[in-house]
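Q: Predicted model and sequence below, questions to follow.
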Amino acid sequence: QTVVTQEPSLTVSPGGTVTLTCASSTGAVTSSYYPNWFQQKPGQAPRALIYSTSKKHSWTPVRFSGSLLGGKAALTLSGVQPEDEAEYYCLLYYGSAQTWVFGGGTKVTVL
Amino acid sequence: EVQLVESGGGLVQPGGSLRVSCAASGFIFSTYWMVWFRQTPGRGLEWVGNIKPDGSEKNYVDSVRGRFTISRDNARTSVFLQMNSLRAEDTAIYYCARGIYADYGADFWGQGTMVTVSS
(Lines give C-alpha, C1' and ligand atoms only; values in the text may rest on other atoms or scores of the structure.)
Protein backbone atom coordinates (compact mmCIF):
# COMPACT_ATOMS: atom_id res chain seq x y z
CA GLN A 1 0.00 0.00 0.00
CA THR A 2 1.33 3.37 -1.05
CA VAL A 3 1.82 5.92 1.72
CA VAL A 4 2.32 9.64 1.23
CA THR A 5 3.92 11.37 4.21
CA GLN A 6 3.73 14.99 5.33
CA GLU A 7 4.90 16.71 8.50
CA PRO A 8 2.02 16.53 11.00
CA SER A 9 2.45 20.10 12.16
CA LEU A 10 4.62 23.17 11.66
CA THR A 11 4.67 26.55 13.37
CA VAL A 12 5.73 29.79 11.71
CA SER A 13 5.84 33.42 12.79
CA PRO A 14 3.90 36.06 10.86
CA GLY A 15 6.03 37.28 7.98
CA GLY A 16 8.20 34.21 8.12
CA THR A 17 8.80 31.39 5.68
CA VAL A 18 7.89 27.73 6.05
CA THR A 19 8.34 24.75 3.75
CA LEU A 20 6.05 21.74 3.82
CA THR A 21 7.15 18.50 2.20
CA CYS A 22 5.41 15.48 0.69
CA ALA A 23 7.18 12.13 0.40
CA SER A 24 6.16 8.91 -1.30
CA SER A 25 6.81 5.42 0.07
CA THR A 26 7.61 4.32 -3.49
CA GLY A 27 10.68 6.52 -3.75
CA ALA A 28 11.59 9.98 -4.97
CA VAL A 29 8.74 12.24 -6.01
CA THR A 30 9.24 13.59 -9.53
CA SER A 31 7.22 15.80 -11.81
CA SER A 32 5.53 12.64 -13.11
CA TYR A 33 3.61 12.50 -9.84
CA TYR A 34 2.01 15.84 -10.73
CA PRO A 35 1.97 17.05 -7.10
CA ASN A 36 -1.07 19.07 -6.11
CA TRP A 37 -1.43 21.07 -2.91
CA PHE A 38 -4.65 22.03 -1.14
CA GLN A 39 -5.46 24.29 1.77
CA GLN A 40 -8.31 23.51 4.14
CA LYS A 41 -9.69 25.63 6.96
CA PRO A 42 -12.08 24.29 9.60
CA GLY A 43 -15.58 23.69 8.30
CA GLN A 44 -14.64 24.39 4.70
CA ALA A 45 -13.97 22.33 1.63
CA PRO A 46 -10.35 22.08 0.49
CA ARG A 47 -9.13 24.83 -1.81
CA ALA A 48 -6.65 24.11 -4.58
CA LEU A 49 -3.37 26.01 -4.44
CA ILE A 50 -0.79 24.30 -6.67
CA TYR A 51 -0.90 21.68 -9.43
CA SER A 52 1.71 19.86 -11.53
CA THR A 53 4.43 20.60 -8.96
CA SER A 54 4.58 24.37 -9.29
CA LYS A 55 1.70 25.75 -11.34
CA LYS A 56 -0.58 28.20 -9.57
CA HIS A 57 -4.28 28.67 -9.98
CA SER A 58 -5.52 32.15 -10.79
CA TRP A 59 -6.53 32.65 -7.15
CA THR A 60 -3.35 31.33 -5.55
CA PRO A 61 -1.56 34.06 -3.58
CA VAL A 62 1.94 34.89 -4.85
CA ARG A 63 3.44 33.93 -1.49
CA PHE A 64 2.65 30.24 -2.14
CA SER A 65 5.06 28.29 -4.34
CA GLY A 66 5.55 24.62 -5.21
CA SER A 67 8.73 22.75 -6.07
CA LEU A 68 10.62 19.47 -5.83
CA LEU A 69 13.12 19.34 -3.01
CA GLY A 70 15.37 16.46 -2.10
CA GLY A 71 13.15 13.79 -3.66
CA LYS A 72 9.96 15.26 -2.23
CA ALA A 73 7.29 17.66 -3.37
CA ALA A 74 7.40 20.91 -1.43
CA LEU A 75 5.10 23.83 -0.72
CA THR A 76 6.76 27.03 0.48
CA LEU A 77 4.87 29.85 2.14
CA SER A 78 6.84 33.10 2.12
CA GLY A 79 5.77 36.16 4.09
CA VAL A 80 3.21 34.11 6.02
CA GLN A 81 -0.05 35.85 6.92
CA PRO A 82 -2.33 35.00 9.86
CA GLU A 83 -4.96 33.77 7.40
CA ASP A 84 -2.54 31.09 6.19
CA GLU A 85 -3.17 29.12 9.36
CA ALA A 86 -4.79 25.96 8.01
CA GLU A 87 -4.31 22.29 7.16
CA TYR A 88 -2.36 21.65 3.95
CA TYR A 89 -2.64 18.45 1.94
CA CYS A 90 -0.54 17.16 -0.92
CA LEU A 91 -1.90 14.81 -3.57
CA LEU A 92 0.26 12.60 -5.78
CA TYR A 93 -0.59 10.76 -9.00
CA TYR A 94 0.52 7.16 -9.47
CA GLY A 95 0.31 6.69 -13.19
CA SER A 96 0.96 2.94 -13.31
CA ALA A 97 -2.18 2.35 -11.23
CA GLN A 98 -3.98 5.48 -12.43
CA THR A 99 -4.75 6.43 -8.86
CA TRP A 100 -4.18 9.44 -6.64
CA VAL A 101 -3.05 9.37 -3.00
CA PHE A 102 -3.25 12.14 -0.42
CA GLY A 103 -0.76 12.84 2.29
CA GLY A 104 -1.98 12.95 5.86
CA GLY A 105 -1.90 16.73 5.97
CA THR A 106 0.23 19.36 7.73
CA LYS A 107 -1.32 21.65 10.30
CA VAL A 108 0.33 25.06 9.94
CA THR A 109 0.07 27.33 12.95
CA VAL A 110 0.92 31.02 12.63
CA LEU A 111 2.19 32.22 15.98
CA GLU B 1 -18.66 31.20 -12.05
CA VAL B 2 -17.84 27.52 -11.56
CA GLN B 3 -20.22 25.84 -9.14
CA LEU B 4 -20.41 22.26 -7.92
CA VAL B 5 -23.28 21.27 -5.67
CA GLU B 6 -23.46 17.82 -4.13
CA SER B 7 -26.68 16.25 -2.89
CA GLY B 8 -28.08 12.90 -1.83
CA GLY B 9 -26.11 12.24 1.31
CA GLY B 10 -27.74 10.77 4.38
CA LEU B 11 -27.92 7.88 6.80
CA VAL B 12 -27.83 4.35 5.40
CA GLN B 13 -27.51 0.96 7.03
CA PRO B 14 -24.45 -1.24 6.53
CA GLY B 15 -24.85 -3.22 3.34
CA GLY B 16 -27.18 -0.63 1.90
CA SER B 17 -26.93 1.61 -1.15
CA LEU B 18 -26.92 5.33 -1.79
CA ARG B 19 -26.42 7.56 -4.81
CA VAL B 20 -24.93 11.00 -4.40
CA SER B 21 -25.07 13.57 -7.15
CA CYS B 22 -23.09 16.62 -8.15
CA ALA B 23 -24.65 19.34 -10.26
CA ALA B 24 -22.12 21.42 -12.16
CA SER B 25 -22.47 24.84 -13.75
CA GLY B 26 -20.35 27.69 -15.03
CA PHE B 27 -18.08 25.69 -17.36
CA ILE B 28 -18.22 23.35 -20.35
CA PHE B 29 -18.91 20.22 -18.32
CA SER B 30 -18.44 17.76 -21.19
CA THR B 31 -14.77 18.66 -21.61
CA TYR B 32 -13.58 18.01 -18.04
CA TRP B 33 -12.67 14.96 -16.01
CA MET B 34 -14.69 14.88 -12.81
CA VAL B 35 -13.42 13.55 -9.51
CA TRP B 36 -14.89 12.26 -6.26
CA PHE B 37 -13.03 12.66 -2.98
CA ARG B 38 -14.04 11.86 0.58
CA GLN B 39 -12.91 12.95 4.01
CA THR B 40 -13.17 11.46 7.47
CA PRO B 41 -11.75 12.75 10.74
CA GLY B 42 -9.80 9.57 11.21
CA ARG B 43 -8.44 8.89 7.73
CA GLY B 44 -8.17 12.39 6.30
CA LEU B 45 -8.72 13.08 2.63
CA GLU B 46 -9.02 10.23 0.15
CA TRP B 47 -9.33 10.16 -3.63
CA VAL B 48 -12.32 7.92 -4.46
CA GLY B 49 -12.24 7.93 -8.24
CA ASN B 50 -12.62 9.88 -11.43
CA ILE B 51 -14.36 9.78 -14.79
CA LYS B 52 -13.26 10.90 -18.24
CA PRO B 53 -15.19 13.66 -20.04
CA ASP B 54 -17.04 11.20 -22.29
CA GLY B 55 -17.52 8.65 -19.50
CA SER B 56 -15.47 6.02 -21.31
CA GLU B 57 -12.83 5.68 -18.58
CA LYS B 58 -13.28 5.44 -14.83
CA ASN B 59 -10.73 4.82 -12.12
CA TYR B 60 -11.27 3.92 -8.48
CA VAL B 61 -9.36 3.55 -5.23
CA ASP B 62 -8.94 -0.11 -4.29
CA SER B 63 -11.17 0.15 -1.21
CA VAL B 64 -14.27 0.99 -3.27
CA ARG B 65 -13.61 -0.80 -6.57
CA GLY B 66 -16.46 -3.20 -7.29
CA ARG B 67 -18.79 -1.46 -4.84
CA PHE B 68 -18.88 2.14 -6.11
CA THR B 69 -19.65 3.33 -9.62
CA ILE B 70 -19.07 6.78 -11.03
CA SER B 71 -21.21 7.95 -13.94
CA ARG B 72 -22.06 11.23 -15.60
CA ASP B 73 -24.77 12.84 -17.67
CA ASN B 74 -23.23 15.54 -19.83
CA ALA B 75 -26.64 16.77 -20.99
CA ARG B 76 -27.61 17.39 -17.36
CA THR B 77 -24.07 18.53 -16.40
CA SER B 78 -24.06 16.16 -13.48
CA VAL B 79 -21.83 13.46 -12.09
CA PHE B 80 -22.98 10.66 -9.84
CA LEU B 81 -21.50 8.27 -7.30
CA GLN B 82 -23.47 5.07 -6.81
CA MET B 83 -22.40 3.39 -3.59
CA ASN B 84 -23.38 -0.22 -2.91
CA SER B 85 -22.52 -2.66 -0.11
CA LEU B 86 -21.77 0.26 2.14
CA ARG B 87 -19.60 -0.22 5.22
CA ALA B 88 -19.11 1.81 8.37
CA GLU B 89 -15.72 2.92 7.04
CA ASP B 90 -17.42 4.59 4.08
CA THR B 91 -18.84 7.17 6.48
CA ALA B 92 -17.42 10.48 5.25
CA ILE B 93 -18.05 13.81 3.62
CA TYR B 94 -18.11 13.20 -0.13
CA TYR B 95 -16.83 15.97 -2.38
CA CYS B 96 -16.99 16.25 -6.13
CA ALA B 97 -14.34 18.26 -7.89
CA ARG B 98 -13.41 19.31 -11.38
CA GLY B 99 -10.30 17.92 -12.98
CA ILE B 100 -7.78 20.40 -14.33
CA TYR B 101 -8.15 20.89 -18.08
CA ALA B 102 -5.26 19.32 -20.03
CA ASP B 103 -3.35 18.72 -16.82
CA TYR B 104 -3.42 16.63 -13.70
CA GLY B 105 -5.20 17.41 -10.47
CA ALA B 106 -8.37 19.10 -9.30
CA ASP B 107 -9.26 22.76 -9.10
CA PHE B 108 -12.83 23.55 -8.05
CA TRP B 109 -14.51 21.59 -5.25
CA GLY B 110 -18.10 21.41 -4.07
CA GLN B 111 -19.05 21.89 -0.43
CA GLY B 112 -19.60 18.19 0.14
CA THR B 113 -22.41 15.90 1.24
CA MET B 114 -22.30 13.78 4.38
CA VAL B 115 -22.81 10.03 4.14
CA THR B 116 -23.24 8.09 7.37
CA VAL B 117 -23.26 4.30 7.37
CA SER B 118 -24.69 3.03 10.63
CA SER B 119 -27.36 0.75 12.00
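A: Sure thing, it's come through. What you are looking at is a predicted structure, and each value in this text was computed from that prediction instead of being measured.

Q: just the strands in chain A please.
A: A:4-6, A:9-12, A:17-24, A:36-40, A:47-51, A:55-56, A:64-69, A:72-78, A:86-94, A:99-102, A:106-110 (DSSP state E).

Q: Same list (those strands) but as a markdown table, adding mean pLDDT and mean neighbour count.
A: For glycine as for every other residue, the C-beta is placed from the backbone atoms N, C-alpha and C. Shown next, in a markdown table, are these (pLDDT from 0 to 100; neighbours: other C-beta atoms under 10 Å in any protein chain shown):
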| stretch | mean pLDDT | mean neighbour count |
| --- | --- | --- |
| strand A:4-6 | 98 | 21 |
| strand A:9-12 | 98 | 14 |
| strand A:17-24 | 98 | 20 |
| strand A:36-40 | 98 | 25 |
| strand A:47-51 | 98 | 22 |
| strand A:55-56 | 98 | 16 |
| strand A:64-69 | 98 | 18 |
| strand A:72-78 | 98 | 21 |
| strand A:86-94 | 98 | 23 |
| strand A:99-102 | 96 | 22 |
| strand A:106-110 | 98 | 17 |
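
Q: could I get those as a markdown table with distance to chain B?
A: Putting the strands of chain A into a markdown table (distance: least, C-beta to the nearest C-beta, whole Å) gives the following:
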| stretch | distance to chain B |
| --- | --- |
| strand A:4-6 | 10 |
| strand A:9-12 | 14 |
| strand A:17-24 | 13 |
| strand A:36-40 | 4 |
| strand A:47-51 | 4 |
| strand A:55-56 | 7 |
| strand A:64-69 | 11 |
| strand A:72-78 | 12 |
| strand A:86-94 | 5 |
| strand A:99-102 | 4 |
| strand A:106-110 | 11 |
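
Q: Any idea which of these gets closest to B:Val117?
A: strand A:99-102 (20.9 Å; C-beta to C-beta).

Q: For the closest one, which outside residues touch it?
A: Under the criterion C-beta atoms under 8 Å, 6 or more residues apart in numbering or on different chains, residues A:2-4, A:24, A:89-94, B:44-47, B:50, B:59, B:61-62 lie in contact with strand A:99-102.

Q: mind running it again at 7 Å?
A: Defining contact as C-beta atoms under 7 Å, 6 or more residues apart in numbering or on different chains, one finds that strand A:99-102 is touched by A:2, A:4, A:89, A:91-94, B:44-47, B:59, B:61.
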